[in-house]
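Novice: Just to be clear, the model below is a prediction. Sequence and coordinates:
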Amino acid sequence: MNFETFNFHPRVMAGVQAVGYITPTPIQAKSIPPIMQGRDLIGLAQTGTGKTAAFVLPILQRLLQSPRGRVGALIISPTRELAEQTYETIDELGKQTGLRSIAIYGGVSMEQQTWRLRNGIEIIVACPGRLLDHLWKGTIDLSQLEVLVIDEADRMFDMGFLPDIRNILRCLLKPRQTLLFSATMPDDIRRLVQEILHDPVTVQIGHISPATTVSHTLYPVKQHRKTALLIELLRHTETESVLVFTRTKYRAARVAQQLAKAGYRATSLQGNMSQCQRQTALDGFRAGSFKVLVATDIAARGIDVLDISHVVNYDMPDSTDAYINRIGRTGRIGKTGTAFTFVTSEDTPMVHALEHLLNTPLEHRRLQNFDYAMPVPANRYIRSSQQLRQRAIRNERGGTKR
Ligand code: AMP
């Protein structure tokens, strides 16, 4: 199959050619035809499958035939990073269409967004909080909306955005075409789907399980030896870009500092940073000037960097869904990836859950000549996973919502 099959308008095809896509990915092959027929759709796919172009291309095709100067498509994203990346994809693929798009999120001037909206926009990519601000102020008119996309719905739910989504939905007129993408299907998302999608087609890619292109290894280690182990692992492993996940913002910043001190080009991405700092970190990681990015789950959501060879779970994720989302950053289209997970004694139940999910026992590895037994430094207080988890939930919600 190739992109000619979809019979896109030459201006849309020009975008496909400009970015160099040759063969549609499985989610694109399965989703584009029903979306172009105007069907509602549930796309069960994680980041890295090509899901963004799967909805962007049919949107461009549809809006080419609609009047200009009114918002025809709205894409709701959980994080600013994902909103920016989706906006960039629209910009690249839609260059020849003349359609105008904007990314709307908090932390930057609302006036500037309002000014651009007033000058005519056809496609909006928005995070829920700032979108609601605009809707309440009357600076966004969605009365002519044709297509609504709810992207990464499971993450939206994790971040507590579901009430915001419902408020946004109240501002929209029906009927419209609704597309919902999610890596997993928690009950609340299932309920939302039943309420807002009409006779949807479901497209599931690679089952809801981790990419088969990723190898998984566990490294048992005590909490206080994790950073030293990470440094040793990086020293002994050939890597391209490496994405390290911690449970808290504070820890992400600290681990990045420790890596930088050890001579690695490392930075962090976490909710305590300004929008400008986040963008600098992300751009540097994308361009390869930072080889290691240490991030929290929420900040890393949707990171689209193709050369991530290794994902390191410095802290065990909270759920198997979070594990899937994390490792979805490696083993991207046509590549293989490696996931290293540090495990402490508290993580045993999650290890069992992962083995159940992957349907195989996971390899436990020990690094030779590494001092696993070094005692905890004096005066160092080590928080339990439970304490960290509670703190992470409290902090991240406050830090990234707007
Ligand atoms: P996504 O899952 O939308 O985040 O896409 C992951 C990456 O795959 C992005 O860097 C896209 O540019 C790339 N991509 C999307 N579709 C294709 C395709 N048909 N062929 C090659 N790369 C693609």
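Specialist: Here it is on my side, so go on.
Novice: Residue numbers of this protein in contact with the ligand?
Specialist: The chain has residues 21, 23-25, 28, 47-53, 304, 306, 333 near the ligand, with proximity defined as C-beta under 6 Å from any ligand atom. Where C-beta positions appear, they are placed from N, C-alpha and C, glycine not excepted.
Novice: From the residues you listed, which shows the smallest pLDDT?
Specialist: In this model, the minimum pLDDT among the residues of the chain next to the ligand belongs to residue 333 (58).
Novice: Phi, psi for the spatially closest residue to residue 25 that is not a sequence neighbour please.
Specialist: The spatially closest residue to residue 25, leaving aside those adjacent along the chain, is residue 50, at 3.4 Å (C-beta to C-beta, 6 or more residues apart in numbering). For residue 50, the backbone dihedrals (degrees, to the nearest 10) come out as phi 90, psi 20.
Novice: residue contacts, residue 50?
Specialist: Listed by C-beta atoms under 8 Å, 6 or more residues apart in numbering, the contact set of residue 50 reads 24-25, 27-28, 333.
Novice: Repeat the analysis, applying 6 Å as the threshold.
Specialist: Residues in contact with residue 50, defined by C-beta atoms under 6 Å, 6 or more residues apart in numbering, are 25, 27-28.
Novice: which of these count as buried?
Specialist: Buried by 16 or more other C-beta atoms under 10 Å: 25, 27-28, out of those.
Novice: The ligand: which of these is nearest?
Specialist: Among the buried ones among the contacts of residue 50, residue 25 lies closest to the ligand (C-beta to the nearest ligand atom), at 4.8 Å.
Novice: Now, of the residues of the chain next to the ligand, which are buried?
Specialist: Of the residues of the chain next to the ligand, these count as buried by 16+ other C-beta under 10 Å: 21, 24-25, 28, 47-53, 304.
Novice: What are the boundaries of the strands in the stretch 251-400 of the chain?
Specialist: Here the stretch 251-400 of the chain has its strands, by DSSP state E, counting those that start in this stretch, at 266-269, 292-295, 308-313, 337-343, 363-364.
Novice: Make TSV out of those strands and add distance to residue 94 and mean pLDDT.
Specialist: Formatted as TSV, the strands of the stretch 251-400 of the chain follow (distance: least, C-beta to C-beta, whole Å; pLDDT from 0 to 100):
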stretch	distance to residue 94	mean pLDDT
strand 266-269	27	94
strand 292-295	28	96
strand 308-313	26	93
strand 337-343	30	93
strand 363-364	45	93
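Novice: Need those strands in TSV (columns: distance to residue 83 and mean neighbour count).
Specialist: Output for these, formatted as TSV (distance: least, C-beta to C-beta, whole Å; neighbours: other C-beta atoms under 10 Å):
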stretch	distance to residue 83	mean neighbour count
strand 266-269	15	26
strand 292-295	17	28
strand 308-313	20	23
strand 337-343	25	22
strand 363-364	37	10
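Novice: Reformat these as a markdown table; add distance to residue 253.
Specialist: Output for these, formatted as a markdown table (distance: least, C-beta to C-beta, whole Å):
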| stretch | distance to residue 253 |
| --- | --- |
| strand 266-269 | 5 |
| strand 292-295 | 8 |
| strand 308-313 | 16 |
| strand 337-343 | 18 |
| strand 363-364 | 29 |
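Novice: so which of those strands gets nearest residue 251?
Specialist: With C-beta to C-beta, the closest approach to residue 251 among the strands of the stretch 251-400 of the chain belongs to strand 292-295: 8.2 Å.
Novice: now could you export just the CA positions of that closest one as PDB?
Specialist: Coordinates of the C-alpha atoms in strand 292-295 are reproduced here as PDB (Å, rounded to 0.1, in the frame of the first residue of the first chain):
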ATOM      1  CA  VAL A 292      20.100  12.200  27.900                       C
ATOM      2  CA  LEU A 293      16.700  13.600  28.900                       C
ATOM      3  CA  VAL A 294      15.400  13.000  32.400                       C
ATOM      4  CA  ALA A 295      11.600  13.500  32.600                       C
END
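Novice: and the residue of the stretch 51-200 of the chain nearest the ligand?
Specialist: Closest residue of the stretch 51-200 of the chain to the ligand, C-beta to the nearest ligand atom: residue 52 (3.2 Å).
Novice: if I pick that residue, what's in contact with it?
Specialist: 86, 89.
Novice: picking up where we left off before, tell me which of the strands of the stretch 251-400 of the chain sits nearest to residue 260.
Specialist: Evaluated with C-beta to C-beta, the strands of the stretch 251-400 of the chain place strand 266-269 nearest to residue 260, the distance being 5.0 Å.
Novice: who are the neighbours of the closest one, in terms of helices and strands?
Specialist: Contact analysis of strand 266-269 by 3 or more C-beta pairs under 6 Å, 6 or more residues apart in numbering; DSSP states H and E lists helix 249-261, strand 292-295 as its packing neighbours.
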